[in-house]
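Colleague: What shape does this take:
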Amino acid sequence: MLKVMIAEDDLLMADMIEEVLVQNGYEVCGIARTVKEGVELGERYQPDLAILDVQLAEGGLGTDIA
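Modeller: Residues are numbered from 1 along each chain as shown. As a prediction, the model looks like this:
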């Protein structure tokens, strides 16, 4: 099973994305709202895939997580 990390500051959108992923056999290792949280999730779980929102909370860019 592939592990996926979600970086999305809109929690409603993040929950919907997580639900679709889980229903299709993916393991979601966490949801990050900021760049700092995203980097921490990536380091802790080393996901196979990441879904990144471009504009995150606190003015961060999702591309900075990569």
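
Colleague: Which is the succeeding secondary structure element to the longest helix seen in the chain?
Modeller: Determined from DSSP state H, the single longest helix within the chain is helix 11-23. Next along the chain after helix 11-23, taking DSSP states H and E as the criterion, comes strand 27-32.

Colleague: Can you give me the buried ones in that next one?
Modeller: Under the neighbour-count criterion of 16 or more other Cβ atoms under 10 Å, strand 27-32 has 28-32 buried. Any C-beta I mention is one placed from the backbone N, CA and C, and that applies to glycine too.

Colleague: same thing with stretch 51-66?
Modeller: For stretch 51-66, by 16+ other Cβ under 10 Å, it's 51-53, 56-57, 60, 62, 65.

Colleague: min pLDDT across the residues you listed, which one?
Modeller: pLDDT across the buried residues of stretch 51-66 is lowest for residue 57, at 90.

Colleague: quick one: what helix or strand has the closest residue to it other than its chain neighbours in it?
Modeller: Nearest non-adjacent residue to residue 57, counting by Cβ to Cβ, 6 or more residues apart in numbering: residue 9, 4.0 Å away. Counting by DSSP H and E, no helix or strand carries residue 9.
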